[in-house]
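Novice: Next one to model:
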Amino acid sequence: MNITNYIRRYFSVLFSILFLGFAFSADPNWEGSFDGTAYEFTATLANAQVFIDGEVKTTGKLAAFVGDEVRGVDSNGATFFPPGGTNVWEVSLYSNSASGETVTFKYYDDENDVIIDL
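Specialist: Next up is the predicted model:
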């Protein structure tokens, strides 16, 4: 195999790997599909911790849902809270109803590229 064919094959494989990595990424981009200004009421979930398999998660995304609709996102990861010596998440929740909605949460684990229902 001459050097030109080797270089072509190398870059072909490299670009294929890069393309596949981005094409199958599970990042849900919850923050891109959410507009908090569309809602009348807000509340804040503060000092939440995410535990998966006994491990405290500090990176990724935490989102609140009513049904399949995004109602709040913390896409910055957990913040260190010095008084407790822990990392905590904070999510602002939004609604057009003062009560009566059931809120569920999902966590995007960016290390393992999976979404987990909490």
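
Novice: Wasn't residue 37 part of a helix?
Specialist: Yes. Judged by DSSP: H, G, I helix; E, B strand; the rest coil, residue 37 forms part of a helix.

Novice: and the gap between it and residue 118?
Specialist: Distance, residue 37 to residue 118, using C-beta to C-beta, to the nearest Å: 26 Å. Quick note: C-beta positions are derived from backbone N, CA and C, even for glycine.

Novice: Compare those two (neighbour count), which wins?
Specialist: Neighbour totals were compared for residue 37 and residue 118, and residue 118 leads with 13 against 5 (other C-beta atoms under 10 Å).

Novice: Low-confidence ranges, this structure, go.
Specialist: Along the chain, segments meeting pLDDT under 70 span 1-25.

Novice: if we go to 80?
Specialist: Low-confidence segments of the chain (pLDDT under 80): 1-26.

Novice: what about the helices in it?
Specialist: Taking DSSP state H as the test, the helices found in the chain are 3-23.
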